[in-house]
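Enquirer: Let me see the structure of the following:
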Amino acid sequence: MEPEEIDEMELDLPPEYCHYRDEGCELADSCLNCPFPGCLYDEHGGKQRWLKKVRAREMAKLFTGKGKKVKELALMFGVSQRTVQRALKMSNSVQERKNE
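Expert: Numbers count the residues shown, from 1 in each chain. Prediction:
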């Protein structure tokens with residue numbers, strides 16, 4: 001057999017014959033114990049999108065609960081005021097959909 005054929009055969013092994021270490025990622029200790037329904041790395045921009053949602057929720061919480069101003073939030077999170085406004089708008093539209 002050619003070396004290329006061996007590599008292709010190894011790639012086609014069923015999962016029960018593949019032994020790998022489940023090291024997880026920075027968001028979960030292991031893939032099998034991951035809190036997400038699907039792997040964030042399988043989606044294009046998945047991790048970044050999730051982090052933005054978390055940031056937007058935190059901004060909305062500080063804006064509504066603590067009375068922080070847009071300018072304060074921008075300085076706190078190291079983003080522009082426009083980014084804060086977009087995050088707050090996104091959080092409001094999500095809340096409105098939940099209330100419907």
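Enquirer: any idea how far L75 is from T83?
Expert: Remark: distance between T83 and L75 (Cβ to Cβ, to the nearest Å) = 12 Å. The C-beta positions use only the backbone N, C-alpha and C, and glycine is treated the same way.
Enquirer: Give me the more crowded residue out of these two.
Expert: T83 (18 against 13; other Cβ atoms under 10 Å).
Enquirer: Show me the helices in the protein, by range?
Expert: With DSSP state H, the ranges of helices along the chain come out as 3-11, 46-65, 70-77, 81-99.
Enquirer: Now do the third one: distance to the chain's middle.
Expert: Distance, stretch centre to chain centre, for helix 70-77: 22 Å (Cα atoms, centre = their mean, to the nearest Å).
Enquirer: and it with helix 46-65, angle?
Expert: Counting by axes from the mean of the first three to the mean of the last three Cα atoms, to 10 degrees, helix 70-77 lies at 140 degrees to helix 46-65.
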